[in-house]
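below is the structure, and that's it, no one-letter string:
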């Protein structure tokens, strides 16, 4: 777990009392965190305050906090001018579909790769290697393919591409979780006559559940945030997702920063709530792979 | 493991089947399709019109905008990766102990890279705005700038401004992963060094840095690959401009394919990008292997 083992003896010194030094380090640490906090949070705070400023104040002043009182007019207009709930709903549908598909494909594949070396070396290399290619390099063929099978401007079509994009990330994470399981339990179950699928579903999946949750959350967020495939593949409210909604905003109404800020926040808040809720899983899942 | 019965072999086949099918349809097929398309003078609405052999490739080699987009992509990717790795790792070193500030920073660090890039770009556009942006507001007030600056409107500066948003978004990611790398270091070398009387700086140079190197390389490679894909920030912040000064490869290919509809030419460029990236990744993997062999566990 990340929680317990964060203190290797990096700053271990001979046991001399270094109290002024310690205090200085402690102050430096807090000062760094404060600076980091400011750099990270100011844009986010600015987004909130901008959405609450009067449109006139936004035009004349870039101050962080509103000076003319708080207005909700940007929020009203954002929801009136742009069908935000529809975009958010589409994002949710695409996210849930693509995450489900990603796990259905990645979990058995990761298991077979780790435990049975299925596909030798080239299968894991191929899956992980697809992560290197920028989405734009497959966008023309994939667009033609999707158009020929009628999946353009369909949530399912976009979800399919998000599954493709997230497959290497999910496989990378899941392979690591499965590898960390002791193989003896699985072998004992096989001795008792369980099939490979039985072992996977009844023993492996429950054991890697925290990792599975972390993987699912990350896939969901990646799909929610994805822009290029959505831009190419969606044309109407039937399938346009939240990032497309935000980009449309700028096109149609000029630069109404207050409205854009309000609209952007409607898509950010769900992600933050999700992340805070599953914080431990997320940090755990994200940081494991790099340590190996 | 042990000899596979026929039934077991079939089970394994069903486990990897969907993944293999996905790879064939969405990776192998697009590659072959792109290669074929790149040899033709195709438009989006009418593919495979006229066979032109290597004309698209020779065009790409002569296209100054394409060369420019590759150079910009490399500047962007290597630039943000270097800065994010140095700052992120530095922060992790400083905050490498279980204490209030660290726990706090770890929670906070999660936010930027899970924020939708399009939403981030929207707010940074207002921060950079030449007439009512926050950056101008405070920099002028503090006397650092004499008058408002169009951060996204000046070549060079625009690129740096886009890169700053990437740095805002991904430095915390490097920080979080670096903390995990530091946490995985074994204790024994430090104990031995302490017995030998090595001071903190010597420990850092001779123990921490070499032992972190493989892990750090993984993080840097992840960031480099991610930054090579940059599209949404450019689309939202500058749309490639001013001029073509932020027109990175993904964005230029997008414009050629989906705004000028020259899919044949765009395919030739994607093949070139794939080759360039393959070479780059091969080099990086070799670099990682060497670091791993020399310093790994």
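Right, received. Where do you want to start? All values derive from a computational prediction rather than experimental measurement. Numbers count the residues shown, from 1 in each chain, chains lettered A, B, ... in the order given.

report the contact partners of residue B:37.
Contact analysis of residue B:37 by C-beta atoms under 8 Å, 6 or more residues apart in numbering or on different chains lists A:140-141, B:47-48, B:263-264, B:267. C-betas here are computed from N, CA, C, even on glycine.

could you check how far the closest residue to residue B:240 other than its chain neighbours is from residue B:254?
With C-beta to C-beta, 6 or more residues apart in numbering or on different chains as the criterion, residue B:240 has its nearest non-adjacent residue at 3.8 Å, and that residue is residue B:247. Residue B:247 sits 10 Å away from residue B:254, taking C-beta to C-beta, to the nearest Å as the criterion.

swap in residue B:44?
When C-beta to C-beta is the yardstick, residue B:44 and residue B:254 sit 12 Å from each other.

mind checking what secondary structure the residue of the stretch 51-200 of chain A found nearest chain B has?
Minimum separation of the stretch 51-200 of chain A from chain B (C-beta to the nearest C-beta) falls at residue A:62, amounting to 3.2 Å. The three-state assignment at residue A:62 reads coil, by DSSP: H, G, I helix; E, B strand; the rest coil.

surely it touches residue B:138?
Yes. In this structure, residue A:62 sits in contact with residue B:138. The criterion is C-beta atoms under 8 Å, and the distance is 7.5 Å.

who's more crowded, these two?
Relative neighbour count places residue A:62 above the other of residue A:62 and residue B:138, with 25 against 16, counting by other C-beta atoms under 10 Å in any protein chain shown.

tell me who's in contact with that one.
By C-beta under 8 Å, 6+ apart, residue A:62 lies in contact with B:126-127, B:129, B:132-138.

phi, psi of the closest residue to it other than its chain neighbours?
The shortest distance from residue A:62 to any residue that is not its chain neighbour, by C-beta to C-beta, 6+ apart, is 3.2 Å, and that residue is residue B:137. The phi and psi torsions at residue B:137 (degrees, to the nearest 10) take the values phi -50, psi -50.

tell me the contacts of residue B:137?
Residues in contact with residue B:137 (C-beta under 8 Å, 6+ apart) are A:61-63.

and which of these is nearest to residue A:27?
Each of the contacts of residue B:137 was checked against residue A:27 using C-beta to C-beta; the closest is residue A:63, at 29.7 Å.

so the closest one touches residue B:134, yeah?
Yes. Residue A:63 is within contact range of residue B:134, at 7.3 Å (criterion: C-beta under 8 Å).

between those two, which one's more packed in?
Counted by other C-beta under 10 Å, residue A:63 and residue B:134 do not tie: residue B:134 has more neighbours, with 22 against 16.

picking that back up, can you tell me how far the residue of the stretch 51-200 of chain A closest to chain B sits from residue B:148?
9 Å.

overlap of the contact sets of these two?
Taking C-beta under 8 Å, 6+ apart as the contact rule, the neighbours common to residue A:62 and residue B:148 are B:133, B:136.

mind listing what the residue most central in space within chain A touches?
The C-alpha lying nearest the average C-alpha coordinate of chain A belongs to residue A:221 (C-alpha atoms, centre = their mean; 3.0 Å). Residue A:221 makes contacts with A:271, A:274-275, B:114, as judged by C-beta under 8 Å, 6+ apart.

same question for residue A:222.
Under the criterion of C-beta under 8 Å, 6+ apart, the contact partners of residue A:222 comprise A:162, A:165-166, A:169.

the same query, at a cut-off of 10 Å, please.
Contacts for residue A:222 (C-beta atoms under 10 Å, 6 or more residues apart in numbering or on different chains) come out as A:95, A:98-99, A:102, A:162, A:165-166, A:169-170, B:114.

for these, pick the one with the most neighbours.
If you count neighbours using other C-beta under 10 Å, the busiest of the contacts of residue A:222 is residue A:102, which has 29 neighbours.

which pLDDT value goes with residue 113?
If you meant another chain, say so; for now it's chain A. According to the predicted model, the pLDDT of residue A:113 comes to 94.

switch to chain B, that's the one I care about
What the model reports for residue B:113 is a pLDDT of 91.

how close does it sit to residue A:62?
26 Å.

repeat for residue A:68
According to C-beta to C-beta, residue A:68 and residue A:62 sit 14 Å apart.

residue B:61 now?
Per C-beta to C-beta, residue B:61 is found 45 Å from residue A:62.
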